[in-house]
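Peer 1: Starting from these lines, generate the structure:
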Amino acid sequence: MKDIISNIQHIIATNSNIKYVDEDWGQLDDYSPNFPVQWPCCLIDITGGQFSNIGMDRSAKPQNRQEGDLAITLRVANLRLTNTSALAPIRQKDHVRSLHPLIEEIHQLIHGTSPVENGGKLMRSAFRRIRRDDGVQEYQIMYTMGVHNV
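Peer 2: Here you go, the predicted model:
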């Protein structure tokens, strides 16, 4: 599991537009106004998994082998302190709306890649906006991947 998060982190960190890429340990929760991140950020976590048994391998530890489907969640966020009303300056609007192109850049980097040797490809499965009342604009993008012989 550690390698999955670490390898996804290294892939996303190749995008210089993202100022902070790390495992999600709650950096966007309960820290306002002093978030321990730089903006924009991308936080990575394995948020769930389903496993099935595929047999035994007496030479392996553990001997009972499994396949799994993992849920990987990316939290992409930026601090948004200005509006995008119809009369707002174009530059201001473009800056605030820069999170959507960044999400697409992250998707292009990781969708279809396999972060570990015994794992399948990351495939996007869901997307949602998170409502917040602290000036942070946040989206969650969920990916799934299979792991084999674990």
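Peer 1: and residue 9, helix, strand or coil?
Peer 2: Secondary structure assignment for residue 9 (DSSP: H, G, I helix; E, B strand; the rest coil): helix.
Peer 1: you'd agree it is up against residue 43?
Peer 2: No - using CB atoms under 8 Å, residue 9 makes no contact with residue 43, being 9.7 Å away. Any C-beta I mention is one placed from the backbone N, CA and C, and that applies to glycine too.
Peer 1: do you know how far the residue lying farthest from the centre of the chain is from residue 65?
Peer 2: Computed with CA atoms, centre = their mean, the residue of the chain farthest from its C-alpha average is residue 58, at 35.6 Å. Distance of residue 58 to residue 65, computed by CB to CB, to the nearest Å: 10 Å.
Peer 1: Give me the residues contacting stretch 120-127.
Peer 2: 8, 71-72, 107, 110-115, 139-148 (CB atoms under 8 Å, 6 or more residues apart in numbering).
Peer 1: Can you list the buried residues in that stretch?
Peer 2: Residues of stretch 120-127 classed as buried: 120, 122 (neighbour count, 16 or more other CB atoms under 10 Å).
Peer 1: Same question for stretch 133-150.
Peer 2: 136-145, 147, 150.
Peer 1: Can you say which two of those are spatially most distant?
Peer 2: The most widely separated members of those are 137 and 150, with 36.0 Å between them, by CB to CB.
Peer 1: would you turn the buried residues of stretch 133-150 into a markdown table with secondary structure?
Peer 2: Listed next are the buried residues of stretch 133-150 as a markdown table, based on three-state DSSP:
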| residue | secondary structure |
| --- | --- |
| 136 | strand |
| 137 | strand |
| 138 | strand |
| 139 | strand |
| 140 | strand |
| 141 | strand |
| 142 | strand |
| 143 | strand |
| 144 | strand |
| 145 | strand |
| 147 | strand |
| 150 | coil |
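Peer 1: could those go into CSV alongside distance to residue 97 and pLDDT?
Peer 2: Formatted as CSV, those follow (distance: CB to CB, whole Å; pLDDT from 0 to 100):
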residue, distance to residue 97, pLDDT
136, 15, 93
137, 10, 93
138, 15, 96
139, 12, 97
140, 18, 98
141, 17, 98
142, 22, 98
143, 23, 98
144, 28, 98
145, 30, 97
147, 36, 94
150, 41, 67
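Peer 1: Tell me how far stretch 3-16 lies from the chain's centre.
Peer 2: Distance of stretch 3-16 from its chain centroid, counting by CA atoms, centre = their mean, to the nearest Å, is 10 Å.
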